[in-house]
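Visitor: build the 3D model from these lines:
(one chain, ligands or ions: 1)
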Amino acid sequence: MNLPETFQEKMKVLLKEEYNDYIACYDEPRYYGLRVNTKKITEEEFQKICPFPIRPIPWIENGFYYDGEKDYPAKHPYYFAGLYYLQEPSAMTPANRLPVEPGERVLDLCAAPGGKATELGAKLKGRGLLVANDISSSRAKGLLKNIELFGIGNVLVTSEEPGNLTEHFPEYFDKILIDAPCSGEGMFRKDKKMVKAWEEHGPEYFSRIQRNIITQAASMLRPGGMLLYSTCTFDRRENEDIIAHLLEEYPEFRIMDMESYEGFTPGLSEEAANGEERHLEKTVRIFPHKMHGEGHYLALVKKGEGAPLLKEKVGEKRGKEQKLPDELKEFLQKIKIDLSGGRLDIRGEKVYYMPEGIPDLKGVRFLRTGLLLGELKKNRFEPSQALAMCLSKEDYPFTLDLPAKDERVIRYLKGETIDLDDVVSSKEKGWYLFCVDGYPLGWGKLAGGTLKNKYLPGWRWH
Ligand SMILES: C[S@@+](CC[C@H](N)C(=O)[O-])C[C@H]1O[C@@H](n2cnc3c(N)ncnc32)[C@H](O)[C@@H]1O
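Guide: Predicted structure coming up:
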């Protein structure tokens, strides 16, 4: 592979006697990984039903390697059920090493397409709030899809410059993840186009953006909260130097230890100008010649001591129960998830269940606030795809459950009308939750043994 000369020279200085091992990696195949959605299934259960061979990723409990040259996990109904996310193994590390507890307020500031936000949302287990932001509105659309596919409803998806969020969320978050835009040196093997992009915009260009992002994020973290900063690049100017910059601007931050793994390499240490130890060696570098991942940098920092992290946020002011249209009330009575607390919000035809305690969002560009439950049409309520993905089979009384090997599952995902008179009586009718092996895929309307397909057209199998 043709690597830029300046990049090679820099890596020689950085890696010294390890350089040849590193360069030899470019002749090896890349690693493919999938991460199990623990909001929907445990890793043990997933291992039992996974239809292709997988091997555990040793430093990620819910991460597995698969053979990406042979198997196509994105073309399996379990992928459409949101049971897993496909992700390069070292990219699983940042969201894994940021400790997140159900009930907390969490921000993923550079979140699209959702590789880390989906894991942070899964860790919240439906409680607290995930704000997933990306400056690019087109990329934020893909982010919203992945969040909905994962069944995460306690969410705000925004598309803003980080500086425009600071006034709305001052010292608001318990945890923040910054997976910063970077020069992508750890992606060269996975995606050759990254080399060209690196030549156009290198570490100097990105380090300016990263400095801004990290200081803006710092002002949104509450005292005692934790921030994890990550990149998929090796250059010091985008990694340790950004953390050193944060410590200069905000001296109350401290670098924290992370759960270690034998393949991790310590960050490059350095004293501050005043001779104070910064402990940058507590930050972590991932190199492909030391472990089976493409390459990453991560640093976990804590803001001051502050109050101890709250296990569960107390519900902030709850609205009063509002009068709901009968058709909506009738539908909601059938589903078993908790939609109490006066947090239903009807805007035009659309009905949302809002997360707890969100601030005024006037002036913030958002793609989604909370869980879109569905739409009020003339005297009827149509449940949404996002709601189907948030439910488990037990949460709704009318389900149709077929095994993955039944060819009707893929036909359903393609948007076709399905005959089901062998599994239901022709008398049954109404909204049914269509499942594969017990995991919901979407809605359909049953009448006379035939299911009218209500799978979201934009999500169809092609
Ligand atoms: C490394 S990618 C994020 C990948 C994502 N965390 C994941 O795991 O799927 C960096 C993201 O930062 C966004 N970005 C670029 N400049 C930004 C800025 N100034 N503020 C916030 N996000 C930015 C890009 O649109 C891009 O989606």
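Visitor: contacting residues for the residue of the stretch 351-462 of the chain found nearest the ligand?
Guide: Taking Cβ to the nearest ligand atom as the measure, the point where the stretch 351-462 of the chain comes nearest the ligand is Arg365, at 12.4 Å. Every residue, glycine included, has its C-beta placed from N, CA and C. Contact partners of Arg365, counting by Cβ atoms under 8 Å, 6 or more residues apart in numbering, are 137, 158-160.
Visitor: isn't Met220 right next to Lys175, touching?
Guide: No: counting by Cβ atoms under 8 Å, Met220 stays clear of Lys175, with 10.8 Å between them.
Visitor: in the stretch 1-150 of the chain, which residue sits closest to the ligand?
Guide: Residue nearest to the ligand within the stretch 1-150 of the chain (Cβ to the nearest ligand atom): Gly115, separated by 2.8 Å.
Visitor: three-state assignment of that residue?
Guide: For Gly115, the secondary-structure state derived from DSSP: H, G, I helix; E, B strand; the rest coil is coil.
Visitor: give me phi/psi at it?
Guide: The phi/psi pair for Gly115 (degrees, to the nearest 10) reads phi -60, psi -30.
Visitor: so who does the closest residue to Leu86 other than its chain neighbours touch?
Guide: When the adjacent residues along the chain are set aside, Leu86 lies closest to Leu34, with 5.3 Å between them (Cβ to Cβ, 6 or more residues apart in numbering). Taking Cβ under 8 Å, 6+ apart as the contact definition, Leu34 lies against 54, 63-64, 66, 73, 84-87.
Visitor: cool, Arg211 as well?
Guide: Contacts for Arg211 (Cβ under 8 Å, 6+ apart) come out as 242, 245.
Visitor: check the gap between it and Gly103 for me.
Guide: The span separating Arg211 from Gly103 equals 32 Å under the rule Cβ to Cβ, to the nearest Å.
Visitor: repeat for Phe64
Guide: The gap separating Phe64 from Gly103 is 28 Å, by Cβ to Cβ.
Visitor: restrict the lengthiest helix in the chain to CA atoms and write it as PDB.
Guide: Counting residues, the longest helix in the chain under DSSP state H turns out to be helix 203-219. Taking C-alpha atoms only, helix 203-219 is exported to PDB below (Å, rounded to 0.1, in the frame of the first residue of the first chain):
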ATOM      1  CA  PRO A 203      -3.300  16.700  11.600                       C
ATOM      2  CA  GLU A 204      -2.700  20.500  11.800                       C
ATOM      3  CA  TYR A 205      -6.100  21.200  10.200                       C
ATOM      4  CA  PHE A 206      -8.000  18.900  12.500                       C
ATOM      5  CA  SER A 207      -6.200  19.800  15.700                       C
ATOM      6  CA  ARG A 208      -7.600  23.300  15.400                       C
ATOM      7  CA  ILE A 209     -11.200  21.900  15.200                       C
ATOM      8  CA  GLN A 210     -10.600  19.500  18.000                       C
ATOM      9  CA  ARG A 211      -9.300  22.200  20.400                       C
ATOM     10  CA  ASN A 212     -12.500  24.100  19.800                       C
ATOM     11  CA  ILE A 213     -14.800  21.100  20.200                       C
ATOM     12  CA  ILE A 214     -13.200  19.900  23.500                       C
ATOM     13  CA  THR A 215     -13.300  23.200  25.200                       C
ATOM     14  CA  GLN A 216     -16.900  23.700  24.200                       C
ATOM     15  CA  ALA A 217     -17.800  20.200  25.400                       C
ATOM     16  CA  ALA A 218     -16.000  20.900  28.700                       C
ATOM     17  CA  SER A 219     -18.500  23.700  29.500                       C
END
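Visitor: ok, and for it, which residues are buried?
Guide: Using 16 or more other Cβ atoms under 10 Å as the burial criterion, the residues of helix 203-219 that qualify are 203, 206-207, 209-211, 213-219.
Visitor: check the offset of that helix from the chain's centre.
Guide: Relative to the chain's own centre, helix 203-219 is displaced by 21 Å; criterion: Cα atoms, centre = their mean, to the nearest Å.
Visitor: would that helix count as contacting the ligand?
Guide: Yes: remark: helix 203-219 sits within contact range of the ligand at 209, 213, by Cβ under 6 Å from any ligand atom.
Visitor: show me what the helix or strand following that helix packs onto, helices and strands only.
Guide: Downstream of helix 203-219, the next assigned helix or strand under DSSP states H and E is strand 221-231. Helices and strands touching strand 221-231, by 3 or more Cβ pairs under 8 Å, 6 or more residues apart in numbering; DSSP states H and E, are helix 93-97, strand 173-179, helix 203-219, helix 240-249, strand 296-303.
Visitor: what do you get if the cut-off is 6 Å, keeping everything else the same?
Guide: For strand 221-231, the helices and strands in contact under the criterion 3 or more Cβ pairs under 6 Å, 6 or more residues apart in numbering; DSSP states H and E are strand 173-179, strand 296-303.
Visitor: and the shortest one, which strands flank it?
Guide: To tie it back to what came earlier, the one meant is strand 173-179. On the basis of DSSP bridges, the sheet neighbours of strand 173-179 come out as strand 105-108 (parallel), strand 221-231 (parallel).
Visitor: can you list the residues that contact the helix or strand following it?
Guide: Following strand 173-179 in sequence order, the next helix or strand is helix 193-200 (DSSP H and E). Counting contacts by Cβ atoms under 6 Å, 6 or more residues apart in numbering, the residues outside helix 193-200 that touch it are 183-184, 187-188.
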